[in-house]
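**Q** Generate a structure from the sequence data that follows.
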Amino acid sequence: MEGITDAPMRAILSERGGLSFCVSEFIRVSQNPLSVKTIKQYVPEAATGCVTPSGTPVQIQLLGGDPERLAESAQSAVLCGAQAIDLNFGCPAPTVNRHDGGAVLLKQPERVRNIVRAVRQALPSMIPVSAKLRLGWDDMNQVFANAQMAQEGGAAWITIHARTRMQGYIPPAHWSFIGQVIKEVDIPVVANGEIWTLDDFKRCQEVTRANSFMIGRGVLGDPELSRAIARELGIPVEPNSLWRHVPKGRENYLEAKDDWIRLLRRFCEISGPDSNGSAYNASRLKQWLRYAHLKHQVPWFEQIKKAKTTTEVFSLLETC
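**A** Okay, here's the model as predicted:
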């Protein structure tokens, strides 16, 4: 999720608990392999062993179409401290696809295998390599060949976003295909796509019979969702002293505006008030709240849309 799940966002979401690991925004590998310096710029956690400040591992994700360059870039990532490498075969962005990256590679399953294999062979055996897939480019049945090819290449697990590239993010997510892939491959499959609420998670779990799940936009819309899902999976979730107690059984955990104000102020603390300018941080806050409004209909979102600075955002939040 380029430009969204950056280091400050990874820090605050992992700080709340419930996440087993985070995946970095994809780093594009185009004309030249990535240097250690470049990777550290994209993934600041590389300076601290590739974990967030609260200790959650960060997997470095690479995107591109050249096996050798990706393999060399993965080696640089390991030198930075990467504990795992993820390969992006799912990005639907037209600009990325036109430049031989992301979901366009799903048209040629053998290329998925060749890329995974090249990266796998370039790294120490203890560093897992995984692949992020969509169901296909324009045919959902393409997922079966691509999943098999990723497995043949040596992927430790695959994550499947349950839509094709052409379907983009249009509901629904076709979880049944994930369930079918789970029956056909011998490696773990992580279910992803359209998990916005605890009920969504339960339906996805029932349909796919998956044991692992990736949430992206859903945890932005409800930052307590990761904790709720972890509890459902029997994963211990330590009480988070930074945040108030959440009543058991409540589904939309951040209902109160005061909850969001505390959360957004904490995000600004982590980001640094002057890191990219007040206007930039204000844009980030509004971008985040847009995901909450998308599914949970935050009543005060419309009133802050025109705010230009963080000061203005919080002033409007306090008074609306």
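**Q** Would you agree H296 is in contact with L220?
**A** No: between H296 and L220 there is no contact under CB atoms under 8 Å: 10.8 Å. C-beta: built from backbone N, CA, C; applies to glycine.
**Q** neighbour count winner among those two?
**A** Neighbour totals were compared for H296 and L220, and L220 leads with 23 against 17 (other CB atoms under 10 Å).
**Q** For that one, give its distance to F301.
**A** With the distance defined as CB to CB, to the nearest Å, L220 ends up 13 Å from F301.
**Q** which residues are common contacts for those two?
**A** Counting by CB atoms under 8 Å, 6 or more residues apart in numbering, the shared contacts of L220 and F301 are A292.
**Q** tell me the pLDDT at E318?
**A** E318 carries a pLDDT score of 87 in this model.
**Q** What of R244?
**A** 46.
**Q** Give me the below-cutoff pLDDT ranges for this structure.
**A** Low-confidence segments of the chain (pLDDT under 70): 239-255, 273-277.
**Q** show me the contacts for the residue nearest in space to the middle of it.
**A** By CA atoms, centre = their mean, the chain has its centre lying nearest to G216, at 4.7 Å. G216 makes contact with 1, 5, 192, according to CB under 8 Å, 6+ apart.
**Q** Can you name every helix or strand that the lengthiest helix in the chain contacts?
**A** In the chain, with assignment by DSSP state H, the single longest helix is helix 278-296. Helices and strands touching helix 278-296, by 3 or more CB pairs under 8 Å, 6 or more residues apart in numbering; DSSP states H and E, are helix 217-221, helix 257-271, helix 301-304, helix 310-319.
**Q** Switch the ones you listed over to JSON lines; also include distance to A122.
**A** Shown next, in JSON lines, are those (distance: least, CB to CB, whole Å):
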{"stretch": "helix 217-221", "distance to A122": "32"}
{"stretch": "helix 257-271", "distance to A122": "34"}
{"stretch": "helix 301-304", "distance to A122": "46"}
{"stretch": "helix 310-319", "distance to A122": "43"}
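**Q** Can you say which of the ones you listed is packed in most?
**A** Highest mean neighbour count of the helices and strands packed on helix 278-296: helix 217-221, a mean of 22 (counted as mean count of other CB atoms under 10 Å).
**Q** Tell me which other helices or strands the next helix or strand after that helix touches.
**A** The C-terminal neighbour of helix 217-221 among helices and strands, as given by DSSP states H and E, is helix 225-232. Applying 3+ CB pairs under 8 Å, 6+ apart, one finds that helix 225-232 makes contact with helix 7-16, helix 198-208, helix 217-221.
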